[in-house]
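Visitor: give me a model of this one.
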Amino acid sequence: MPVRITTLVENSQGEHRALKNEHGLSFFIEKDNHSILFDSGQSANFIHNAGQLRLDMTAIDHVVLSHGHYDHSGGLRSLLQVHSGFELTLGQGFFDEKYAFYNGSYEFIGNNFNEAFLRDSGVSYAFVDSPITEIVEGVWVITGFDRRHMDEVISPRFVLRKSDGFDPDQFSDEVLVAVDSPRGIIILLGCSHPGMKNMIDTVRSLLNRPVYAVLGGTHLVEASRESLEKSISYLADDSFKVLGVSHCTGEKAMDILRASNCRYFHNRTGSSLYVE
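Guide: You can find the predicted model right below:
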């Protein structure tokens, strides 16, 4: 069955100038009469954009949030004003208090809601309790990524607030979505804090199927020169037929991909991938 994945919001504006872009990410997945939202951006902009693109937010039956940062979860409150009849899937640790550290100060960058809000709003939600969870036939939520690529280091500026201070954020809450399609697996990444290569290789190990496309954020924006070179080389594998990475990928990495990889496209607000 055909699969369509639309980028409802991303950092950059696309061809459709009536759409609103913002620092954040949100995907609308249509497969086998299911509508699945992966991430909700930081505001209601993704809902505005869905209206412009004639996509029905009230048809959503599943919502998956990649991790507990505001630019991936902040729009959920707005979604609940138009629709609440969906199952929400979250990673373990999603509600940890997330901060970024800058030269002696801490800035909260976590969610604008907590579990009490979900309960009060009547949202049906669950935390993944295994490395792979099939939420509908052919759509999996994957977490617990093997950290086999040692060059993929999480930035020390990301920390968690604990009762006795701050601890490094290992992003144990991060999940991705893998979608089966007629041409292979489509991987949707939120921010890839555990490492893009680690996450893709975990999908390959668990599903043992070719990866057709990779969309979303890779967090190469903070990669070292050595790690960036290894990641660009990794993506040069021609088994990947479509590479629609953006958001936290960073301009430098996207410029290199644009110049060196004919399968790359800048996945912007309003872009759609059709796989038939």
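Visitor: which element, helix or strand, includes the nearest residue to residue 117 once chain neighbours are set aside?
Guide: The shortest distance from residue 117 to any non-neighbouring residue, by Cβ to Cβ, 6 or more residues apart in numbering, is to residue 77 (7.9 Å). Yep, even glycine has a C-beta here, placed from its N, CA and C like the rest. Following DSSP states H and E, one finds residue 77 within helix 76-80.
Visitor: in the protein, mark out all the helices, start to finish.
Guide: For the chain, the helices defined by DSSP state H cover 45-52, 70-73, 76-80, 115-120, 196-207, 225-235, 251-260.
Visitor: just to check, residue 56 is in contact with residue 35?
Guide: Yes: Residue 56 lies in contact with residue 35 (Cβ atoms under 8 Å); the separation is 7.3 Å.
Visitor: report the central residue of the protein.
Guide: residue 190 (1.8 Å; Cα atoms, centre = their mean).
Visitor: residues contacting residue 93?
Guide: By Cβ atoms under 8 Å, 6 or more residues apart in numbering, the residues touching residue 93 are 68, 172-173.
Visitor: repeat that for residue 37.
Guide: 26-29, 57, 60, 62-64, 79, 86.
Visitor: cool, residue 52 as well?
Guide: Residue 52 sits in contact with 16, 18-19, where contact means Cβ under 8 Å, 6+ apart.
Visitor: what's the answer for residue 70, then?
Guide: Contacts of residue 70 (Cβ under 8 Å, 6+ apart): 42, 109-112.
Visitor: low-scoring stretches of the stretch 101-250 of the chain, by residue?
Guide: Judged against pLDDT under 70, the stretch 101-250 of the chain has no low-scoring part.
Visitor: what is the neighbour count of the closest residue to residue 238 other than its chain neighbours?
Guide: Distances taken as Cβ to Cβ, 6+ apart put residue 263 closest to residue 238, at 7.6 Å, once the chain neighbours are dropped. Residue 263 sits with 16 neighbouring residues when counted by other Cβ atoms under 10 Å.
Visitor: how about residue 154?
Guide: Residue 154 has 16 neighbours, counted by other Cβ under 10 Å.
Visitor: ditto for residue 97
Guide: Neighbour tally, residue 97, other Cβ under 10 Å: 16.
Visitor: report the separation between it and residue 163.
Guide: Per Cβ to Cβ, to the nearest Å, residue 97 is found 10 Å from residue 163.
Visitor: mutual contacts of these two, please.
Guide: With Cβ under 8 Å, 6+ apart as the test, residue 97 and residue 163 reach no residue in common.
Visitor: tell me where the stretch 51-200 of the chain has strands.
Guide: With DSSP state E, counting those that start in this stretch as the criterion, the stretch 51-200 of the chain has strands at 62-64, 87-90, 98-102, 105-108, 124-127, 132-136, 139-142, 158-162, 165-168, 176-181, 184-189.
Visitor: any chance of the ones you listed in TSV, plus mean neighbour count?
Guide: Converted to TSV, those look like this (neighbours: other Cβ atoms under 10 Å):
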stretch	mean neighbour count
strand 62-64	24
strand 87-90	20
strand 98-102	16
strand 105-108	11
strand 124-127	14
strand 132-136	16
strand 139-142	22
strand 158-162	16
strand 165-168	11
strand 176-181	24
strand 184-189	24
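Visitor: let me have those strands in a markdown table, extended by distance to residue 118.
Guide: Conversion of the strands of the stretch 51-200 of the chain to a markdown table gives the following (distance: least, Cβ to Cβ, whole Å):
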| stretch | distance to residue 118 |
| --- | --- |
| strand 62-64 | 11 |
| strand 87-90 | 7 |
| strand 98-102 | 17 |
| strand 105-108 | 19 |
| strand 124-127 | 5 |
| strand 132-136 | 17 |
| strand 139-142 | 17 |
| strand 158-162 | 20 |
| strand 165-168 | 25 |
| strand 176-181 | 20 |
| strand 184-189 | 22 |
